[in-house]
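Chemist: mind looking at a prediction? Sequence and model below.
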Amino acid sequence: MLPPMKLLAKWLLGACALLLVAHLYSGVVVQSFSAALVAALVIGLLNTVLRPILIVLTLPVTLITIGLFLFVINALMFWAAAGLLSGFAVKGFGAALLGSLIYSAMGVVIDSALERLFTK
């Protein structure tokens, strides 16, 4: 379990990363910072609850594709969050795939920075 301050920082930085994805790539649209906050929360919840179930259900396909199908699952979570929210939009599955890749890369950087910051 993450400490509350680290969790809050991860959520805020995730929202900023989502705004940056929308700025860098025109296939993803975020209307405001509050929409980015809600979208980051929903993406986090989908990744926590639904993603592990999908990984188990699609394990044979994931093994056959040597793990590349996990990119499809990430894109589906990103696209599902956009489908649930009004201030966050993704223009098709290809945009979801590229947007989720950019967002995931930023997430790795954020996690690395927070790990260094909060391990003292």
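Modeler: Right, received. Where do you want to start? Numbering: from 1, shown residues only.

Chemist: going by C-alpha atoms from here, please, whenever you check contacts or count neighbours.
Modeler: Will do.

Chemist: for this protein, which residues score under the pLDDT cut-off?
Modeler: Counting by pLDDT under 70, the chain shows low-confidence ranges at 1, 120.

Chemist: residue boundaries of the helices in the protein?
Modeler: Here the chain has its helices, by DSSP state H, at 4-24, 33-57, 59-64, 69-84, 93-118.

Chemist: return the most buried member of these.
Modeler: Relative to the other members of the helices of the chain, helix 69-84 carries the highest mean neighbour count by mean count of other C-alpha atoms under 10 Å, namely a mean of 20.

Chemist: that one packs against which elements?
Modeler: With contacts defined as 3 or more C-alpha pairs under 8 Å, 6 or more residues apart in numbering; DSSP states H and E, the secondary structure elements packing on helix 69-84 are helix 33-57, helix 59-64, strand 88-90, helix 93-118.

Chemist: what helices or strands is the last one leaning on?
Modeler: Think helix 93-118. Taking 3+ C-alpha pairs under 8 Å, 6+ apart as the contact definition, the neighbouring helices and strands of helix 93-118 are helix 4-24, strand 28-30, helix 69-84.

Chemist: reformat those as CSV; add distance to Leu41.
Modeler: Converted to CSV, the helices and strands packed on helix 93-118 look like this (distance: least, C-alpha to C-alpha, whole Å):
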stretch, distance to Leu41
helix 4-24, 7
strand 28-30, 14
helix 69-84, 9
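
Chemist: returning to that earlier point: out of the helices and strands packed on helix 69-84, which comes closest to Ala15?
Modeler: The stretch from the helices and strands packed on helix 69-84 with the least distance to Ala15 (C-alpha to C-alpha) is helix 33-57; that distance is 4.9 Å.

Chemist: next, the angle helix 4-24 makes with that closest one.
Modeler: Angular relation of helix 33-57 and helix 4-24 on a 0 to 180 degree scale: 100 degrees, by axes from the mean of the first three to the mean of the last three C-alpha atoms, to 10 degrees.

Chemist: give me the contacts around helix 33-57.
Modeler: Applying C-alpha atoms under 8 Å, 6 or more residues apart in numbering, the contact partners of helix 33-57 are 11-12, 14-16, 18-19, 30, 62, 70, 73-74, 77-78, 81-82, 85, 87-88.
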